[in-house]
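# Need coordinates for the below:
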Amino acid sequence: MSVGEYLYGVQTAITYVFGFVALYIQVFLMIVLFRERKAIAAGTVIPDNVDWPAVTVIIPCWNEEETVVKTVESLLAIDYPKDKLIIKVIDDGSTDSTWERAQVFKDVENVHLHRKENGGKHTAMNYALEHTTTEYVGNLDADAFIDRDALKKTMWQFLNDPEMMAVSPAVVIHEPQNALERAQQVEFDIFILVKKALASVNGVHVTQGQFSMYRKKVFDELGPYQKAHQTEDLEIAYRMQAHGYKIGQCHDAFVHTVAMDTFPTLFKQRLRWVYGFINNTYDYRKYLLRPRYGTFSVFSVPMGLLYLVTILFSTGWIVWTLARAAYDAVVRLFVTNFYVSYTAPSFFYTDTRPIMFITIILFTFFLCSVILGKIVRGEKIRVGFSVIYFFILSNFIATAWLGKALYNTLVSRKEVLWR
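Predicted structure coming up:
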């Protein structure tokens, strides 16, 4: 057996393993979503005359002069009793005009403005927690905008389930413009469905920083936010799962976040996300693959790790295959004295290997997820170029930050910065 044949055999075996595992994950998620179809279709139904509890929403800021006013305004405009809503804007030592812009709210009774030295997002959140007395507390990023009914829908899950300890809404992209932003829109739409499925089996592994609500007893009992490799929203969910706390998701409570509109900004954001996921997972490694810790331990986090490995392997093999094809083409040109012949493609040949059927099924599931994501958002069922943009982003471009995150973790041990 030649080296080429051996490598091809190894590649085929690995491809089948990844293919079957990916198929299992997709089928599992689809079965869970099918089981929850009536609840998803019905949405959040809130009865009249609900006695809404007092809540505190923290808005941590660092150099958010362009969006902080709009963020606070969106929160002030929500459908929630004004005497039950406290908004804490925490300026974490901004070097731009964030603090000056926030002064437009200095006379608003339920908006509390605070300024502190720069220490990172988790320190801004903890500063506000120290001055919070309400039973419920949450966070809203200073570049996110909340729908009018989002807080009520989120809070209803707490009131409807005494065991619920945290709830995240559906995060969507705010007015996507270019191809990069539209690719992120598809990604976020799919994540709404994935998180809904995971929440129904208590497998949520991140209470996203764009907006999430908690019972304050979570922090009273488990402690404050931690730096957690600049992903405090991921670590607090890991900590909650490790202690058996229930985390929910409200699929029809929408919060709009500003997308990264250039590759450098997207690279920095995703590098932080992936680096945080890898290193927090390592920190909590003793909880993995332990059935006593539920879906989070045996499915959610392993699924994320498998995704990282799959992307790196598939991209590496594609690059290797293209390089070999280019090398063979150059050799063929020199051997034939640059004679180029053309053979018409045959349309009677069909690849009947099982992996091709697995690929077709996986792509069908992917399209179904895109369509279902649009249905949940109330959009028209239309699959355009944004799907292609997302496919390129998640299957090829993502290798850049995945590789860098692994390099920083294994080789340089360089901590990823927030910005």
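
# Could you list the low-pLDDT ranges of this protein?
When residues are selected by pLDDT under 70, those of the chain lie in 1-5, 7-8, 339-351, 381-383, 414, 416-419.

# Just give me the longest helix of it.
The single longest helix within the chain, with elements called by DSSP state H, is helix 301-335.

# which helices and strands does that helix pack with?
Packing partners of helix 301-335 (3 or more CB pairs under 8 Å, 6 or more residues apart in numbering; DSSP states H and E): helix 3-35, helix 263-283, helix 398-407. C-beta coordinates here come from the backbone N, C-alpha and C atoms, glycine included.

# Mind putting the ones you listed into TSV with distance to residue 193 and mean neighbour count?
Formatted as TSV, the helices and strands packed on helix 301-335 follow (distance: least, CB to CB, whole Å; neighbours: other CB atoms under 10 Å):
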stretch	distance to residue 193	mean neighbour count
helix 3-35	6	14
helix 263-283	19	18
helix 398-407	19	18
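
# if we can go back for a sec, so which bits of the longest helix of the chain are buried?
Neighbour-count burial for helix 301-335 flags 301, 302, 303, 307, 308, 310, 311, 314, 315 (criterion: 16 or more other CB atoms under 10 Å).

# which of the residues you listed lies closest to residue 106?
Distance to residue 106 across those (CB to CB) is lowest for residue 301, with 43.5 Å.

# how close does the closest one get to residue 408?
Using CB to CB, to the nearest Å, one gets 20 Å for the distance from residue 301 to residue 408.

# and what of residue 396?
Distance of residue 396 to residue 408, computed by CB to CB: 20 Å.

# Which one's more surrounded, these two?
Legend: neighbour count by other CB atoms under 10 Å for residue 396 and residue 408, higher for residue 408 (19 against 14).

# related to what we said a few turns ago, output the buried residues of helix 301-335 in a markdown table; the columns should cover distance to residue 234.
Shown next, in a markdown table, are the buried residues of helix 301-335 (distance: CB to CB, whole Å):
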| residue | distance to residue 234 |
| --- | --- |
| 301 | 10 |
| 302 | 15 |
| 303 | 15 |
| 307 | 15 |
| 308 | 14 |
| 310 | 20 |
| 311 | 19 |
| 314 | 25 |
| 315 | 24 |
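
# out of those residues, what pair is the most spread apart?
Spanning the widest gap among the buried residues of helix 301-335 are 301 and 315, at 22.0 Å by CB to CB.

# Leaving out chain neighbours, which residue sits closest to residue 242?
Excluding its sequence neighbours, the residue lying closest to residue 242 (CB to CB, 6 or more residues apart in numbering) is residue 287, at 5.1 Å.

# Contacts only, for the one you found.
With contacts defined as CB atoms under 8 Å, 6 or more residues apart in numbering, the neighbours of residue 287 are 238, 241, 242, 293, 296, 297.

# Need the phi and psi values for residue 252.
With angles defined as degrees, to the nearest 10, residue 252 shows backbone torsions of phi -120, psi 20.

# Contact partners for the residue nearest the centre of the chain?
For the chain, the residue whose C-alpha lies nearest the mean C-alpha position (CA atoms, centre = their mean) is residue 191; its distance is 6.3 Å. With contacts defined as CB under 8 Å, 6+ apart, the neighbours of residue 191 are residue 171.

# how about a cut-off of 10 Å?
With contacts taken as CB atoms under 10 Å, 6 or more residues apart in numbering, residue 191 has the following neighbours: 170, 171, 172, 206, 208, 369, 373.

# Relative to residue 128, how far out is it?
Spatial separation of residue 191 from residue 128 under the definition CB to CB is 27 Å.

# What of residue 144?
With distances taken as CB to CB, residue 144 is found 16 Å from residue 128.

# Let me see the ranges of the strands in the chain.
Along the chain, counting by DSSP state E, strands occupy 55-61, 85-92, 111-116, 136-140, 144-146, 164-173, 211-215, 246-257.

# helices or strands next to the last one in the packing?
Packed against strand 246-257 by the contact rule (3 or more CB pairs under 10 Å, 6 or more residues apart in numbering; DSSP states H and E) you find helix 37-42, strand 144-146, helix 150-160, strand 164-173, helix 179-200, strand 211-215, helix 232-242, helix 354-377.

# ok, 8 Å please
Packed on strand 246-257, when contacts are counted by 3+ CB pairs under 8 Å, 6+ apart, are strand 144-146, helix 150-160, strand 164-173, helix 179-200, helix 232-242, helix 354-377.

# Can I get the ones you listed in a markdown table including distance to residue 323?
Written out in a markdown table, the entries for those read as follows (distance: least, CB to CB, whole Å):
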| stretch | distance to residue 323 |
| --- | --- |
| strand 144-146 | 42 |
| helix 150-160 | 49 |
| strand 164-173 | 35 |
| helix 179-200 | 26 |
| helix 232-242 | 36 |
| helix 354-377 | 22 |
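
# so what's residue 284 closest to, chain neighbours aside?
Nearest in space to residue 284, with sequence neighbours left out and distances taken as CB to CB, 6+ apart, is residue 238 at 4.9 Å.

# That neighbour and residue 194, how far apart?
For residue 238, the distance to residue 194 (CB to CB) stands at 17 Å.

# Check the burial of the nearest residue to residue 297 once chain neighbours are set aside by counting its neighbours.
When the adjacent residues along the chain are set aside, residue 297 lies closest to residue 290, with 5.0 Å between them (CB to CB, 6+ apart). Counted with other CB under 10 Å, the burial measure for residue 290 works out to 12 neighbours.

# Over to the one 4 residues further on?
Using other CB under 10 Å, residue 294 has 16 other residues around it.

# how about the residue nearest to it when sequence neighbours are not counted, what does it touch?
Across the structure, with CB to CB, 6+ apart as the measure, the residue nearest residue 294 apart from its sequence neighbours is residue 202 (5.7 Å). With contacts taken as CB under 8 Å, 6+ apart, residue 202 has the following neighbours: 246, 247, 294, 295, 296.

# One more pass at 10 Å, please.
Each residue near residue 202 by CB under 10 Å, 6+ apart is listed here: 163, 241, 244, 245, 246, 247, 248, 294, 295, 296, 300.

# Quick check on those: which are buried?
Judged by neighbour count, with 16+ other CB under 10 Å as the criterion, the buried members of these are 241, 245, 246, 247, 248, 294, 295, 296, 300.
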